[in-house]
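In: Kindly return the folded structure for what I paste below:
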Amino acid sequence: MGQTRNNDNIFYKQYKDKKREFRKHKRNAERLWESEKFADVQKAAEMDIGQFYRVVRKHRQQKSPATCLNYDGNTATNNGDICKLWSTYFSDLYTPNEHENDNFDQSFYMDVTEKIREYSSQIRKPFNAFFDVPYTEDEIYEQIKTLKCGKAPGPDYVCNEHIIYGGNTLLKWICYIF
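Out: Here you go, the predicted structure:
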C-alpha cells in the first residue's frame, strides 16, 4: 500500500526528519549562492558600469524549455512533437480506458450518469419573448454605423470595413442570419 501518515509510525518520522534536513540544506545553499552572486554584482558595480551589466546579464535566469518529453512509450524532442505529445497526454487524461477499469468506480459512474439523465430530462428551455423577436434591418444598420475602421479582424477574418462597405445586400444577409 504505502506508508501511513501517522505521527507514531517510525518510517513516517524518518521521512519527515530527512525532508526537514533536506530543506534546511537547500535553503542554506540558496542563501550562499545568492550572496556570492550579490558580491559579484556589487564588485562589478564598483569597478566598471559595463562590467556590472555584463555580470547582471550573465546571472539572469535563462529560460530552459523542455528538450525531451516521454509519454506512453513515445519520446518527443522538438517543439512540434512535444506539443503533440502533450495533446495526446491531456486527451488520454479524461478519456476512459479499458485498462483503467480496475481503478474506476463503476457504480459511482452509473449513479452520476443516471442523475445527469434525470436532470437533463427535467430541464425545460426557458422562454423569453424578447430574444425570440428577429432583428430588423434598421437595428442592424444602426449597429453597423457604430463600427470603427482599422480594427483587427476576428477569427473569421471579417474586418469591420467588410461589413461597413458591404451595402444593402450584406445588410439583408446579416438580418437573415440573425
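
In: Helices of the protein, residue ranges please.
Out: For the chain, the helices defined by DSSP state H occupy 10-47, 49-59, 79-93, 106-122, 129-132, 137-145, 160-164, 167-177.

In: Dump those helices to a markdown table, plus distance to Leu69.
Out: (Each C-beta comes from the backbone N, C-alpha and C, glycine too.) Shown next, in a markdown table, are these (distance: least, CB to CB, whole Å):
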| stretch | distance to Leu69 |
| --- | --- |
| helix 10-47 | 26 |
| helix 49-59 | 28 |
| helix 79-93 | 5 |
| helix 106-122 | 31 |
| helix 129-132 | 47 |
| helix 137-145 | 48 |
| helix 160-164 | 42 |
| helix 167-177 | 44 |
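
In: Need the ones you listed in TSV (columns: mean neighbour count).
Out: Supplementary listing: the helices of the chain in TSV, determined by neighbours: other CB atoms under 10 Å:
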stretch	mean neighbour count
helix 10-47	11
helix 49-59	13
helix 79-93	12
helix 106-122	9
helix 129-132	6
helix 137-145	12
helix 160-164	14
helix 167-177	12
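
In: Confidence-wise, which of these is weakest overall?
Out: Of all those, mean pLDDT reaches its minimum on helix 129-132 (a mean of 67).

In: quick one: which of the helices of the chain is nearest Ala152?
Out: helix 160-164 (9.4 Å; CB to CB).

In: wait, what's in contact with Arg31?
Out: By CB atoms under 8 Å, 6 or more residues apart in numbering, Arg31 lies in contact with nothing.

In: And it, how far from Arg20?
Out: Here Arg31 is placed at a distance of 17 Å from Arg20 (CB to CB, to the nearest Å).

In: How is the chain divided into domains?
Out: Split into domains by automatic domain parsing, the chain comes to 10-59, 69-122, 129-177.

In: next one: the longest one to chain centre, how far?
Out: Taking the mean of its C-alpha atoms, domain 69-122 sits 17 Å from the chain's own mean (CA atoms, centre = their mean, to the nearest Å).

In: Pick out the residue closest to the middle of this protein.
Out: Centroid-nearest residue in the chain, with CA atoms, centre = their mean: Phe90, separated by 11.5 Å.

In: who's in contact with Lys145?
Out: Counting by CB under 8 Å, 6+ apart, there are no residues that Lys145 touches.

In: quick one: pLDDT of Gln62?
Out: Per the predicted model, pLDDT is 60 at Gln62.

In: Equivalent analysis for Lys148, please.
Out: If you check Lys148, the pLDDT there is 93.

In: contacting residues for the residue lying closest to Lys148 once chain neighbours are set aside?
Out: In this structure, Lys148 finds its nearest non-sequential neighbour in Asn160, 6.3 Å apart by CB to CB, 6 or more residues apart in numbering. Each residue near Asn160 by CB under 8 Å, 6+ apart is listed here: 147-149, 151.
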